[in-house]
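# My questions concern the predicted model and sequence given below.
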Amino acid sequence: MKKVIDELRLKLNNEKVVVTCSCGIDSATLLDLVLKAIPCENVIVAHVNHNKRKESITEQEYIESFCMEKNLKLEVLTLPKESNGNFQEWARNKRYELFEDEAKKNSAKYILLAHHANDNLETILMRIMKTSSLKGYAGMEKCTIQNGVYIYRPLLNTPKEEIENYAKENNIKYFEDSSNAKDDYTRNRIRHHIVPLLQEENPSLFESISKYSETLLSANKLLEKVKVEFIENKVSVNNNDIKFNISDLLSLDEDIRIHVLFRILKKYNLSRVCIDEVYKQILSN
């Protein structure tokens, strides 16, 4: 993990950062690494109590005492027990609202997330199963900018096993989320049953996935340039009216047309099936 600490020290350059900490092994390890890389006065810890497990209270109390002991600034968000619609998506939006609010409030340049190589592989497999865009198939990016703040995942190329070994060697206290052991969610089923089989087939699986992701992200940058140029020069938007000449779209390479439509209609969150249907309508009489 020395490489991660060195990278954190170089990348963060003593900037203020928001470190997200659920008290699980991944985020507890990330927090430990950050505190070894930059001064504690530059670290703001953000913790979300999802209020779904009885252990949540204990975890919140622990992170409060830990931050007090280390003289770290802490912000806690407690979610209501009931929510409308998809709880996971709603909770994710609430988490990111908290992280961005804290970053802006404290003039922090970075929000640090504890996603690791296993998380990235699971995300890629889920998107392959459901269809996605080229960028979606690439999985997570190590560092992106969102609403003026950098989203940084220092552990993205680090396998879970390395995190577990580091936590054990450094006596890092963390809490197990009992819901991770269940097969109720697609991600958990992939984690428990599919990833181990892939690792058996390829002991260097996570290195391969990292290269796969980098390759697709590079290809997406080139594709993004074509899309942006087309939209800036050939598309006009007036409220909900989107206009362009069909001949202009058809002048593009056939493989690029669908990606351009995805970008034009992005705000509607349409599936690949819907985009394909739109394209068929464009080609029809």
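Arrived safely. Small disclaimer: the values here were computed from a predicted structure and weren't measured. Numbers count the residues shown, from 1 in each chain.

# Tell me where the stretch 101-250 of the chain has strands.
110-112, 143-146, 149-152, 236-238, 241-243 (DSSP state E, counting those that start in this stretch).

# Pipe those into JSON lines and attach mean pLDDT, mean neighbour count and distance to Cys23 per row.
Just so you know, the C-beta spots here come from the backbone N, C-alpha and C atoms, and that holds for glycine as well. Formatted as JSON lines, the strands of the stretch 101-250 of the chain follow (pLDDT from 0 to 100; neighbours: other Cβ atoms under 10 Å; distance: least, Cβ to Cβ, whole Å):
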{"stretch": "strand 110-112", "mean pLDDT": "97", "mean neighbour count": "24", "distance to Cys23": "15"}
{"stretch": "strand 143-146", "mean pLDDT": "94", "mean neighbour count": "11", "distance to Cys23": "24"}
{"stretch": "strand 149-152", "mean pLDDT": "96", "mean neighbour count": "19", "distance to Cys23": "20"}
{"stretch": "strand 236-238", "mean pLDDT": "90", "mean neighbour count": "9", "distance to Cys23": "45"}
{"stretch": "strand 241-243", "mean pLDDT": "92", "mean neighbour count": "10", "distance to Cys23": "45"}
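
# Any idea which of those strands gets closest to Ala28?
Nearest to Ala28 among these is strand 110-112 (12.8 Å), distances taken as Cβ to Cβ.

# before we move on, the earlier item: just put the strands of the stretch 101-250 of the chain in JSON lines and tack on distance to Ser251.
Listed next are the strands of the stretch 101-250 of the chain as JSON lines, based on distance: least, Cβ to Cβ, whole Å:
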{"stretch": "strand 110-112", "distance to Ser251": "41"}
{"stretch": "strand 143-146", "distance to Ser251": "31"}
{"stretch": "strand 149-152", "distance to Ser251": "36"}
{"stretch": "strand 236-238", "distance to Ser251": "17"}
{"stretch": "strand 241-243", "distance to Ser251": "16"}
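
# how would you label the closest residue to Ala37 other than its chain neighbours: helix, strand or coil?
In space, and not counting its chain neighbours, Ala37 is closest to Leu8: 3.8 Å by Cβ to Cβ, 6 or more residues apart in numbering. The three-state label given to Leu8 by DSSP: H, G, I helix; E, B strand; the rest coil is helix.

# Correct me if wrong: Pro39 contacts Glu15.
No. Applying Cβ atoms under 8 Å, one finds Pro39 not in contact with Glu15, separated by 10.7 Å.

# So which of these two has more stuff around it?
Glu15 (13 against 9; other Cβ atoms under 10 Å).

# List phi and psi for that one.
Dihedral pair for Glu15: phi -70, psi 160, per degrees, to the nearest 10.

# Renumber starting at 51 from here on
Got it, first residue is 51 now, which makes that one Glu65.

# Verify the contact between it and Tyr160 for me.
Yes. At 6.3 Å, Glu65 counts as touching Tyr160 under the criterion of Cβ under 8 Å.

# Touching both of these two, which residues are there?
Common contacts of Glu65 and Tyr160 (Cβ atoms under 8 Å, 6 or more residues apart in numbering): none found.

# Look up how far Asp82 lies from Glu219.
11 Å (Cβ to Cβ, to the nearest Å).

# The two: who's more crowded?
When Glu219 and Asp82 are compared for neighbours, Asp82 comes out ahead with 19 against 9, by other Cβ under 10 Å.

# I'd say the more buried one and Asn220 touch.
Yes. Contact criterion Cβ under 8 Å: Asp82 and Asn220 qualify, at 6.4 Å.

# got the contact list for Leu300?
With Cβ under 8 Å, 6+ apart, Leu300 has these contacts: Arg307.

# how near is it to Leu315?
When Leu300 is compared with Leu315 (using Cβ to Cβ), they lie 17 Å apart.
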